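Engineer: How does the following fold in three dimensions:
(one chain, ligands or ions: 1)
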Amino acid sequence: MSADSLLRTQAATFVRGGRRILKGIDWEVKRGEHWCILGPNGCGKTSLINLITGYEPATDGEIQIGEDVFGNSDWREVRKRVGLVTNTLTTYIEPGEPVMHVVASGRDAKLNLWTPPSASLKKQASGLIEAAGCAHLKKSLWATLSQGEKQKILICRALMARFEVLILDEPCAGLDPVAREHFLNWMSEISSWPEAPSLVMVTHHVEEILPCLTHVFLLRDGEVLNQGEKADVLTSAALSTLYGAKVKLGLKEGRYSLKVMEAV
Ligand SMILES: Nc1ncnc2c1ncn2[C@@H]1O[C@H](COP(=O)(O)OP(=O)(O)OP(=O)(O)O)[C@@H](O)[C@H]1O
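Structural biologist: Numbers count the residues shown, from 1 in each chain. Purely as a prediction, here's the structure:
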């Protein structure tokens, strides 16, 4: 394993209800790489994320974060190095929680603070909220935010901790086209920060694969169809196999598009 390895799965297998949901996944994310995971509904993307974040144990194989191997290390500690932003988080946050507290609580990966955050936490949270272009939301309560604002605030929350890998599970779901574009540009900006975590974005839309994403992982029916550098992996042929239908991938000025030619 190279010193640059942040995350590695080896023959990771996940069986539930007698079904092999993940069938021996080998994958490695190295420092400086930003990944996109693509795959049809039900192919196992969320299951893979659950193994990496330790929310589910692998049935077989190895999950490694840096030097730590799942099962040999205190995963509650290891988990602190992998951030996860998912829509399900939004349902756990109290409607009346101040936005500033939502962000500040990310330092210890806690939800809903019982005591107000310290002045230094507030200062850091405030800086992140401003960098996200959300300064006007600093005094808002969680329940009043729009979907796009919630996504941004959740990412600010994740950035409070010093994650090495930040997993974004369909971060653009529910965003209007303009909000999505703003959001993606902000994500690009984050990826250029000197201390940026490696981003891993799960999406169903190739339009969201901005130039800052360097690698692509294609997951099909619990198996790796292909993975590697974006330009090598993203082809019409590979995506047609991935989705089981003829599709045509377009690339114009660094942005991808996908046309479904023939559904099966
Ligand atoms: N704990 C579990 N017990 C039984 N089946 C499960 C469990 N977790 C996931 N599955 C099944 O495994 C398959 C993969 O689910 P998963 O949520 O990982 O897919 P996904 O690729 O994230 O899908 P989507 O794109 O629709 O979000 C699905 O058929 C799901 O029903």
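Engineer: got a list of what residue 104 touches?
Structural biologist: Going by C-beta atoms under 8 Å, 6 or more residues apart in numbering, residue 104 touches 113, 117, 121-122, 124-125, 160. The way it works is simple: take the backbone N, C-alpha and C, and place the C-beta from them, glycine included.
Engineer: any idea where the helices of this protein begin and end?
Structural biologist: 45-52, 75-78, 87-90, 99-104, 119-131, 147-159, 177-191, 230-233, 236-243 (DSSP state H).
Engineer: where does the stretch 1-150 of the chain dip in pLDDT?
Structural biologist: Residue ranges of the stretch 1-150 of the chain with pLDDT under 70: 1-2, 109-114.
Engineer: what does it put close to the ligand?
Structural biologist: Taking C-beta under 6 Å from any ligand atom as the contact definition, the stretch 1-150 of the chain meets the ligand at 16-17, 21, 39, 41-47.
Engineer: now do 8 Å
Structural biologist: Residues of the stretch 1-150 of the chain lying close to the ligand (C-beta under 8 Å from any ligand atom) are 14, 16-17, 19, 21-22, 39-50, 56.
Engineer: so which pair among the contacts of residue 104 is furthest apart in space?
Structural biologist: Greatest spatial distance among these (C-beta to C-beta): 113 and 124, at 14.3 Å.
Engineer: PyMOL command to pick out the buried ones of the contacts of residue 104?
Structural biologist: To isolate the buried ones among these in PyMOL, judged by 16 or more other C-beta atoms under 10 Å, type:
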select buried, resi 113+117+121+122+124+125+160
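Engineer: ok, the residue in the stretch 51-200 of the chain that the ligand sits nearest to - contacts?
Structural biologist: When distances are taken as C-beta to the nearest ligand atom, the stretch 51-200 of the chain reaches nearest to the ligand at residue 56, 7.0 Å away. By C-beta under 8 Å, 6+ apart, the contact set of residue 56 is 14, 47, 50.
Engineer: With residue 233 instead?
Structural biologist: 215-218, 226-227.
Engineer: switch the cut-off to 10 Å
Structural biologist: By C-beta atoms under 10 Å, 6 or more residues apart in numbering, residue 233 lies in contact with 36, 38, 215-218, 225-227, 239.
Engineer: and which of the residues you listed is nearest to the ligand?
Structural biologist: Among the contacts of residue 233, residue 38 lies closest to the ligand (C-beta to the nearest ligand atom), at 9.8 Å.
Engineer: Once you drop chain neighbours, what's closest to that closest one?
Structural biologist: If the residues on either side of it in the chain are set aside, residue 38 comes closest to residue 218, at 5.6 Å by C-beta to C-beta, 6 or more residues apart in numbering.
Engineer: Residue 226 is in contact with that neighbour, correct?
Structural biologist: Yes. Under the criterion of C-beta atoms under 10 Å, residue 218 makes contact with residue 226 at 4.8 Å.
Engineer: Spell out which residues are contacts of both of these two.
Structural biologist: By C-beta under 10 Å, 6+ apart, residue 218 and residue 226 have these common neighbours: 233-234, 238-239, 241-242.
Engineer: Now which of those would you call buried?
Structural biologist: Neighbour-count burial within the shared contacts of residue 218 and residue 226 applies to 233-234, 238-239, 242; the criterion is 16+ other C-beta under 10 Å.
Engineer: Now distance to residue 200 and pLDDT too, for the residues you listed, in JSON lines please.
Structural biologist: Shown next, in JSON lines, are those (distance: C-beta to C-beta, whole Å; pLDDT from 0 to 100):
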{"residue": "233", "distance to residue 200": "15", "pLDDT": "97"}
{"residue": "234", "distance to residue 200": "16", "pLDDT": "97"}
{"residue": "238", "distance to residue 200": "19", "pLDDT": "98"}
{"residue": "239", "distance to residue 200": "19", "pLDDT": "97"}
{"residue": "242", "distance to residue 200": "18", "pLDDT": "97"}
